[in-house]
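**Q** using only what follows, build the 3D model:
(chains A and B)
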Amino acid sequence: MFSPVRSHPSVSAPNSAMRLVFTTVLALIILSGFAQEKYTINGTIRDASNGEALIGVTVYVKEIKNGATTNEYGFYSITLPKGTYSVDYSYVGFRLVNLTIELDKNIQQSLELNPDAEQLQEIVVQAEIEQADVHNMEMSTNKLEMKTILRAPTLFGESDLLRTLQLLPGVSTVGEGASGFNVRGGSVGQNLILLDEAPVYNSSHLFGFFSVFNPDAVKDTKLYKGAIPARYGGRLSSILDVRMKEGNSKKFEYTGGIGSVFSRLAVEGPLIKDKASFIIAARRSYIDILARPFVPLLQNGGALNFYDLTLKTNYNINRRNRIYLSGYFGRDVFRFDKTQGFNWGNTTGTLRWNHLFNERLFLNVTAVYSNYEYALQFGKDDRNRFTWNSSISNYIFRPQFTYFINSKNELNFGADATYYTFQPANAQGVTNGEVVDISLDRKYNLETALYVGNSQKVSDWLSLEYGLRYSMFQFYGPGTVYTYGDTIPGIRKPVIGSRTYASGEAIASYNNWEPRASFRLQTSIRSSVKGSYNRMVQYLHLISNTTASNPLDVWNPSSNNIQPQIADQYTLGYFRDLTEDKQYEFSLEGYWRDTRNQIDYIDGADLLVNEFLEGDLLTGIGRSYGLEAYFQKKTGRLNGWVSYTLGRTELKVDGINNNEWYATRFNQLHNLKVAAFYDINKRWSFSADFVFTSGTPTTFPTSRYIQQGILIPYNANDSRNNVELPAYHRLDVSLRLEGKKVKNNGKERKNSDYWMFSLYNVYARRNPFSIYFSQTDQRVPAGQPLQSQATQLSIIGSIVPSVSYNFKF
Amino acid sequence: MTPHRQIIKTLSTVLFVVVLAACEDVISPTLEPAARILVVDGWIDNQMETQTITLTRTQPYFEAVSPTGVTGAVVSVEDGLGKVYAFVENSAKPGAYEWTPSAVDTLARGESYRLVVTVSGEVFEATSKMGRVPQIDSISFDTDKQLGSGKDITRGEFWATDPLGIGDAYWIRSYKNGIPLLKPSEINIAFDAGLSIGGQTDGVVFIPPVRRRINSNDEDADGVRLSPIISGDSIQVQLHSITTAAFTYLNEVAIQTDRPGGFQELFSTPLANVSTNVVNVNPNGSKAVGFFNVAAVSTAGKRFVP
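**A** Below you'll find the predicted structure:
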């Protein structure tokens, strides 16, 4: 029938890995077939108001005190012995549906849930109240509802996904204006940000003030900080999985808003009723239009704007097949005149096919194109100019299977292949018509992975999730690569050799096993203990040594000189419902992460348009550890949460800080966040958030000296990040006014609208972004002493009021 | 020093105008105490004029007086053929050690040099090698409308071609009406004809950012950039050959000292020590900072008469 396959000694590692994975999958599928007479209930759960698939709906079978949740496509499947069952379908904000199901054959039970008008106004971060955190397998995971994002106080009137995300435990930023975010002490480049499964390499507009996600087009956001399932990989510290709306399949709907920075409009509706729908959402900043009369630069061909377009369509071919096509295009444009300027942005496209092989085997195949690029051009005319662009593109193919073995086991397995093309710099200088090309070689890479993971309910009190991911990475020619000699760490490494590879020839190759495991132990009806271990491997490195990450940062693949980054994370948490009605929940989670092959930079490293970049990189080890406490009140007129993280994140790199451990720039010992939402009456609601974090570490000099008339700062102890900036704290408040629900003549209005009034940084604190040291007056007459000073910069140093008007009809 | 710095500067100005919310405060933080260590300011060249190596000590960062010179040291430069040039202390200028070349006694191109400084019983050494410099073919001026204000702005530009062969490095030092331009933002260095070591610009005319960064960078009280050149101004450009280590050093100096603040801080790298080529022969002895470089020089100058 089935015998275990032994890998032959001559079989290479990838082959034996593949065999092991698929042998396991095969064994589980075959074994599951030998059970007693069983039937399957499956189907898709949707929102009755707009036809959107609902992610994470609890399907609870009372007889077995167990059940399932719907996946990213709203699909669920439960296999049970023949019998009669009472099944609850519940989802927060929706009316519960109870069905009695006579299970004597396979049953297809799709449902549409009706929004519960009473509950609709409530803010919930975690979706499932019925099956709350305490009972849920997941840990180190936060789900962020759009309702929360749309109610939180705003900066410049724009509801923003990443800004709200920063209110969650374990998530931080180095300050306003910094692109991206940090999770549990990881760097910005250690987060995998997925928009409909397409990686987004720069998640910010206008440096870090706004994120690229248009709130009108986002359906669901989930952040994995630990216990990361085997189907995800490629980054060390987190996965941010953002799913777009499919578009209303019942009726046409227009959503939009006018804020102080953006105006937005989204259109969605059915293409074929209940069969196919679409959404198109667009945003554009219009500050340049308003400012044009006053700024000559803008009249002379200059530009300053950012915009994005998000679209998605889906077609339900039949019960077994559905396809989705989604895309994103965004740009930030800064032009000084008609020919000189700077722009950057992401482009993504995702094609997905959901296929149901049988009642229990679900397949999703995804094909993705994603690109991030920036371009600079300056110079007067074509005979004298400098142009420079850089990009990272990738093509992804990803089949993912879910096999719903029985009510206790759900098996996920699949593969993942990404082909990357890097253009580190395509740059030309033209002088009087003479072209000097200083472009660097393109780089070609293939990252592939196979994974299998099982989530298993062992008993009423114990659940397990375990899996294994095997990832491989190849760096291919054509290209020239260099080898570098050893030197005193911290000094630029000399080039000692080079080799040119032909097209398709392997330059470097890596492979890694990535085990993942977690457990949930139900310690009482109201409390549980959860723990996890996961290994993550990252083959791409974000190269950035500026104070904050910015759009010019480039990605560099692992190569003959740079090893892949590896992280091992351990978490342990305690979850408790504080009251019978599950209104109050408390959790405490500890994490420890060891990392290897972390990149840092020699002093004076030259990261842009540098053929010998890798000679300027240093590698070392890292550790980050902390404790996250989270208290949430889930329902009621007043709800919200308090989150506190005590954490530390450090690196140890030969050549930096006398080879001792040093805190990274995103180390924050204390990180406290409070978010509160209060319904004053049917029309007015109030929200506030408060943030307190320890100051970010920075390096201060001790001394100064003069060289050829230039004043130079000097740190006599050679230390890195030897001081902390003053603490950061900020209070934001907002008032939301719902438009009238009924017309003056008593009829219900078809459209709905609301005003959002916000005050950001209410008490106008000048939170330090950085403190820098410089020479005071730089044109000093000969013989006069040079003066030095320290300056504290606050990116936002005053109260920022804003208003926005938002509508839907 | 890379081209994006110029872009970022302009961009940051635009951002500042738009967002208007950033603010800066001068503060007086307490800094860690530190020992005062030897500073060697040793940039000499093959010109027929008195060459000076200055010895001082580091000061606490906020000490607002000129550093005092280190007296009583013994300073010499030895070339690869064993010839020793003694630098003699100038009693009128404490810390200045001088040597004057003569027709028979000059520093030669292509030669390597070793600096030896003996201070309070400790011996410090540094080495350098004199590279080559091309002739400056010409200096030109052009007048343009300034972005934004629309005012006339005149800039100088020098023209020269890097000789074939990778590895020539230069410090382009310029003077306006005889005054050296020494602001951190005016540091102008080149590796071959380009901006960086990996830049692949060997054997061509210096690229535009290098050619044009010979201008003064001054603003009026409102922060509007002044025209670097007005009628009657003269500009002098000196092309100094430097070693690769000196190029790296000056690149680090520019990164660490050119801190105009504002939104440009978003793009700045954290504070770090710049390198040095001055080493104590006793590895357990006290440290020193500063740099020693021996340059070949070519010069050109021009007055702007519209």
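
**Q** where do the helices sit along chain A?
**A** A:13-32, A:146-151, A:161-165, A:287-291, A:296-299 (DSSP state H).

**Q** where among the ones you listed is average confidence lowest?
**A** The stretch with the lowest mean pLDDT among the helices of chain A is helix A:13-32, at a mean of 58.

**Q** low-confidence ranges, chain A, go.
**A** For chain A, applying pLDDT under 70 flags the ranges A:1-36, A:117-135, A:291-300, A:380.

**Q** scan it for its longest strand.
**A** For chain A, the longest strand by residue count, based on DSSP state E, is strand A:409-431.

**Q** number of residues surrounding residue 108?
**A** Using chain A here. By other CB atoms under 10 Å in any protein chain shown, the residues close to A:Gln108 number 12. Glycine gets a C-beta too; all of them are placed from N, C-alpha and C.

**Q** actually chain B
**A** Around B:Ala108 there are 14 other residues, counting by other CB under 10 Å.

**Q** correct me, but it touches B:Leu81?
**A** No - judged on CB atoms under 8 Å, B:Ala108 makes no contact with B:Leu81 at a distance of 9.1 Å.

**Q** buried ones in the longest strand of chain A, by neighbour count?
**A** Using 16 or more other CB atoms under 10 Å in any protein chain shown as the test for burial, strand A:409-431 gives A:409-416, A:418-420, A:422-427, A:429-431.

**Q** and the most centrally placed residue in chain B, what pLDDT?
**A** Centroid-nearest residue in chain B: B:Ile187, 5.3 Å away (criterion: CA atoms, centre = their mean). B:Ile187 is assigned 93 on the pLDDT scale.

**Q** any idea how far B:Ile214 is from it?
**A** According to CB to CB, to the nearest Å, B:Ile187 and B:Ile214 sit 11 Å apart.

**Q** go on, A:Trp555?
**A** Counting by CB to CB, the gap from A:Trp555 to B:Ile214 is 35 Å.

**Q** and those two? which has more neighbours close in?
**A** For A:Trp555 versus B:Ile214, the count of surrounding residues by other CB under 10 Å is larger for B:Ile214: 24 against 20.

**Q** for the more buried one, which non-adjacent residue is closest in space?
**A** Excluding the flanking residues, the one nearest B:Ile214 by CB to CB, 6 or more residues apart in numbering or on different chains is B:Ser174, at 4.0 Å.

**Q** just checking: what are the partner strands of the helix or strand hosting the one you found?
**A** Secondary-structure assignment from DSSP states H and E places B:Ser174 in strand B:169-176. Applying DSSP bridges, strand B:169-176 is found paired with strand B:179-180 (antiparallel), strand B:189-191 (antiparallel), strand B:234-242 (antiparallel).

**Q** show residues contacting it.
**A** With CB atoms under 8 Å, 6 or more residues apart in numbering or on different chains as the test, strand B:169-176 has contacts from B:131, B:133, B:158, B:180-181, B:186-192, B:210, B:213-216, B:228-229, B:233-244, B:246-247, B:250, B:295.

**Q** residues of it that come out buried?
**A** Buried-residue list, strand B:169-176, by 16+ other CB under 10 Å: B:169-176.

**Q** kindly report the same for stretch A:661-671.
**A** A:662-669, A:671.

**Q** could you single out the nearest of those residues to A:Gln474?
**A** A:Gln474 lies nearest to A:Thr664 out of the buried residues of stretch A:661-671, by CB to CB, at 30.2 Å.

**Q** could you verify my assumption that the closest one touches A:Ser187?
**A** Yes - the pair A:Thr664 / A:Ser187 is scored as a contact, 7.4 Å apart, by CB under 8 Å.

**Q** ok, back up a step: got the buried residues of strand B:169-176 as CSV, with pLDDT and distance to A:Lys682 columns?
**A** Formatted as CSV, the buried residues of strand B:169-176 follow (pLDDT from 0 to 100; distance: CB to CB, whole Å):
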residue, pLDDT, distance to A:Lys682
B:Ala169, 96, 72
B:Tyr170, 97, 73
B:Trp171, 97, 72
B:Ile172, 97, 71
B:Arg173, 96, 73
B:Ser174, 95, 71
B:Tyr175, 95, 74
B:Lys176, 94, 70
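
**Q** where do the strands of the stretch 1-150 of chain B begin and end?
**A** Remark: strands assigned in the stretch 1-150 of chain B by DSSP state E, counting those that start in this stretch are B:23-27, B:38-45, B:51-57, B:59-60, B:74-79, B:84-89, B:96-99, B:112-119, B:122-129, B:138-145.

**Q** likewise for the stretch 151-300 of chain A?
**A** Shown for the stretch 151-300 of chain A, the strands assigned by DSSP E, counting those that start in this stretch span residues A:171-172, A:182-183, A:191-195, A:198-199, A:204-205, A:210-211, A:218-224, A:238-244, A:253-258, A:262-272, A:276-285.
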